[in-house]
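Enquirer: fold the following.
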Amino acid sequence: MRLLMAVAMALVFVAPAANATPTTSTITWGACADQALAAAGAECGTLSVPLNHSAPNGAKISLAVSRVKHKTAESKGTVLAVHNPLGGDGYLQSLRGARLLGGDAFDWVGYASRGVAPSSPAVTCIPGHLGFNKPPHIPTSLAIEQQWLDRSKSYADACAANQRELLENMKSTDIAADMELVRAALGLDKVSLYAQAYGTYVAQVYSTLYPNRVARMVLDSTVDPRRVWYNAANFDQNPPLQRNLEIWFEWLAKYDNVYHLGKTKAEVQQVYQEQIDRVTAQPAAGAVGQAEWIDLFLYVSYSQQTWTMLGSALANWVHNGDGETVKALYAGFYLIPAADNIYGTQMATICSDNAWPTSWAQWRADTWRTYAIAPDPTWGNTWFNSPCFFWQAKRGTPVRIDGAQVDSALLVSETLTAAVPFEGSLEVRSRYPGARLLAVQNGVNYANSLTGNACVDNKIASYLATGELPARKPGRQADVVCAAQPDPVPAGA
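Expert: Next comes the predicted model:
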């Protein structure tokens, strides 16, 4: 995923007893340095937690914590926003939830997960690794393949050289143990959880290890626990990413009077492929080659909110040769100051949660096999995750996810979401008897709550406020359905 081990070297995490009160420091609340949090009247603090939870009296690290307190006479409880590694937004998620999900009645708490700034220490590996002038994604020669392997090894080596001890303790089980210390430091018997995308797996781990600490739980775009991470972060995504890209081609054809890229999906797809060939031969604005082009335009497979913006960028490039806009958009997505920190912490977790294949021949064969079905995203996804092939931290043993003791959960997913396919939500629903699944029929968006679908957000807010869930339907299906938001309409249509 780009939004940002055949034999495991087992590092078994021993969790504290679920009902034990762990030894923890307190949070000293004060003013927030972040302007958005400060403007919302939030309070911020830090929490000291063990670097290695198996050695609680050893070295410590610091977690940055934020809280937007309830504004009603009484609080209905505390919602802990679980960090999503790809989003890098755990610290600010308290603010988003408070604004959009009936936050006036709740205390919303966010935290920057271990390794994520402003928690300390923060992971840094190679700033600019996701920048311009990368080799082409598709390795049409052994030389291109070797370039990517060298880049991936350099990144993994730099991460290990900079924060070796931290990287040995970046697994989802470590993050779940941090969450338990946050709960204890807040002085709460139970917390409700709100998680999106990759964060939903951490929430699954926490609720499996500490089921009696969970009041209510919202999982948006739920990771399939059977597939972490070689498949879930990689091959499972590619066919639906390709499908959603082609849905965008069909949408562009519908508005040919605006974009003039073709009147059918096939015509638009041909024009798009011609542009990939064009920038492979001569990068746009001297910087956006095949890899950057594919990474940028694949955003349409994640979110309809990008459709009009990237449609205009594609049309202006095709008709006017405007490469500077394409370059600026790529920089806006991939060259933000926190990019290396976000990418490095994601690698630190998914590469060490469990075993990845240790044979590059297997990676190559699996990639070419998937490429035949999904040519646009496949090799880029492999190279995005390829530092895991060289990762130096010990690999962990995944927790067997079991929600039998969790009383209540609401799962949310759009049925055509690509980065976290709908099947993951169905699987987790089957493991949590107290869960209900809200499906957004034919929606293509990833992590779709808090994005303006009133049907979804209102149902989440109502559930958090009352705890009421719809009746559970028999079999492997959704329990309630919301309509997808209308497709965007470009200006001038």
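
Enquirer: and the end-to-end length of stretch 54-65?
Expert: 23 Å (CA to CA, to the nearest Å).

Enquirer: buried sites along it?
Expert: Neighbour-count burial for stretch 54-65 flags 56, 61-65 (criterion: 16 or more other CB atoms under 10 Å). Just so you know, the C-beta spots here come from the backbone N, C-alpha and C atoms, and that holds for glycine as well.

Enquirer: so how far is A195 from S303?
Expert: From S303 across to A195, the span is 18 Å (CB to CB, to the nearest Å).

Enquirer: more neighbours: which of these two?
Expert: Between S303 and A195, counting by other CB atoms under 10 Å, A195 is the more crowded of the two (28 against 18).

Enquirer: distance between stretch 26-43 and the chain's centre?
Expert: 25 Å (CA atoms, centre = their mean, to the nearest Å).

Enquirer: mind exporting the C-alpha coordinates of it to PDB?
Expert: Extracted C-alpha coordinates of stretch 26-43, given in PDB (Å, rounded to 0.1, in the frame of the first residue of the first chain):
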ATOM      1  CA  THR A  26       0.900   9.500  34.600                       C
ATOM      2  CA  ILE A  27       0.100  12.000  31.800                       C
ATOM      3  CA  THR A  28       0.800  15.600  32.700                       C
ATOM      4  CA  TRP A  29      -1.600  17.600  30.600                       C
ATOM      5  CA  GLY A  30      -0.800  21.000  29.200                       C
ATOM      6  CA  ALA A  31      -1.100  23.300  26.200                       C
ATOM      7  CA  CYS A  32      -0.700  21.700  22.700                       C
ATOM      8  CA  ALA A  33       2.100  22.900  20.400                       C
ATOM      9  CA  ASP A  34       0.000  21.700  17.400                       C
ATOM     10  CA  GLN A  35      -2.000  24.700  16.200                       C
ATOM     11  CA  ALA A  36      -5.100  22.700  15.100                       C
ATOM     12  CA  LEU A  37      -5.300  21.000  18.500                       C
ATOM     13  CA  ALA A  38      -4.600  24.200  20.400                       C
ATOM     14  CA  ALA A  39      -7.400  26.000  18.400                       C
ATOM     15  CA  ALA A  40      -9.800  23.300  19.400                       C
ATOM     16  CA  GLY A  41      -9.000  23.600  23.000                       C
ATOM     17  CA  ALA A  42      -7.300  20.300  23.200                       C
ATOM     18  CA  GLU A  43      -4.800  19.400  25.900                       C
END
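
Enquirer: for the record, mean pLDDT for that stretch?
Expert: Across stretch 26-43, pLDDT averages out at 89.

Enquirer: what ranges does the stretch 51-200 of the chain have for its helices?
Expert: 90-100, 142-167, 172-185, 198-209 (DSSP state H, counting those that start in this stretch).

Enquirer: deepest-packed of these, please.
Expert: For those, the stretch with the most neighbours on average is helix 198-209, a mean of 28; neighbours defined as mean count of other CB atoms under 10 Å.

Enquirer: what's the angle from the helix or strand just after that one to helix 172-185?
Expert: For helix 198-209, the succeeding helix or strand toward the C-terminus, using DSSP states H and E, is strand 214-220. Using axes from the mean of the first three to the mean of the last three CA atoms, to 10 degrees, the direction of strand 214-220 lies 130 degrees away from that of helix 172-185.

Enquirer: following element in sequence after strand 214-220, please.
Expert: From strand 214-220 onward toward the C-terminus, using DSSP H and E, the following helix or strand is helix 238-254.

Enquirer: other residues contacting that following helix?
Expert: Judged by CB atoms under 8 Å, 6 or more residues apart in numbering, the contacts made with helix 238-254 from elsewhere in the structure are 259, 261-265, 267-269, 272, 297-298, 300-302, 307, 311, 314, 370, 373-378, 381, 416-419, 421, 444, 487.

Enquirer: from those, which land in helices?
Expert: Here DSSP state H is the test, and the contacts of helix 238-254 give 259, 265, 267-269, 272, 297, 307, 311, 314, 370, 378, 381 as lying in helices.

Enquirer: widest-spaced pair of these?
Expert: When those are compared pair by pair using CB to CB, the farthest-apart members prove to be Y259 and T370, with a separation of 29.3 Å.

Enquirer: if we can go back for a sec, of all the helices of the stretch 51-200 of the chain, which lies closest to N453?
Expert: N453 lies closest, by CB to CB, to one member of the helices of the stretch 51-200 of the chain: helix 90-100, at 10.8 Å.

Enquirer: quick check: mean pLDDT of stretch 210-227?
Expert: Averaging pLDDT along stretch 210-227 yields 96.

Enquirer: ends of that stretch, what's the gap?
Expert: Criterion CA to CA; first-to-last residue distance in stretch 210-227 is 22 Å.

Enquirer: quick one: which of the buried residues of stretch 54-65 is nearest to C125?
Expert: Each of these was checked against C125 using CB to CB; the closest is I61, at 17.4 Å.

Enquirer: want to try JSON lines for the ones in helices among the contacts of helix 238-254, with distance to L410 as columns?
Expert: What follows is the ones in helices among the contacts of helix 238-254, written out as JSON lines (distance: CB to CB, whole Å):
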{"residue": "Y259", "distance to L410": "38"}
{"residue": "K265", "distance to L410": "35"}
{"residue": "E267", "distance to L410": "42"}
{"residue": "V268", "distance to L410": "38"}
{"residue": "Q269", "distance to L410": "38"}
{"residue": "Y272", "distance to L410": "38"}
{"residue": "F297", "distance to L410": "33"}
{"residue": "W307", "distance to L410": "28"}
{"residue": "G311", "distance to L410": "34"}
{"residue": "L314", "distance to L410": "37"}
{"residue": "T370", "distance to L410": "32"}
{"residue": "T378", "distance to L410": "33"}
{"residue": "N381", "distance to L410": "29"}
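
Enquirer: turn these into a markdown table, columns for neighbour count.
Expert: Conversion of the ones in helices among the contacts of helix 238-254 to a markdown table gives the following (neighbours: other CB atoms under 10 Å):
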| residue | neighbour count |
| --- | --- |
| Y259 | 24 |
| K265 | 17 |
| E267 | 15 |
| V268 | 24 |
| Q269 | 20 |
| Y272 | 21 |
| F297 | 23 |
| W307 | 21 |
| G311 | 22 |
| L314 | 25 |
| T370 | 22 |
| T378 | 27 |
| N381 | 25 |
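
Enquirer: from these, pick the one nearest A40.
Expert: Ranked by distance to A40 (CB to CB), those are led by W307 at 29.9 Å.

Enquirer: that closest one reaches P488, doesn't it?
Expert: Yes. With contacts counted by CB atoms under 8 Å, W307 reaches P488, the gap being 5.2 Å.

Enquirer: need the helix or strand of this protein with the lowest average pLDDT.
Expert: Sorted by mean pLDDT, DSSP states H and E, the helices and strands of the chain end with helix 90-100, the least confident at a mean of 63.

Enquirer: closest to A31 out of the helices of the stretch 51-200 of the chain?
Expert: Of all those, the one in closest proximity to A31, counting by CB to CB, is helix 90-100 (14.6 Å).

Enquirer: in JSON lines, list the helices of the stretch 51-200 of the chain along with distance to Q237.
Expert: Listed next are the helices of the stretch 51-200 of the chain as JSON lines, based on distance: least, CB to CB, whole Å:
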{"stretch": "helix 90-100", "distance to Q237": "22"}
{"stretch": "helix 142-167", "distance to Q237": "18"}
{"stretch": "helix 172-185", "distance to Q237": "19"}
{"stretch": "helix 198-209", "distance to Q237": "12"}
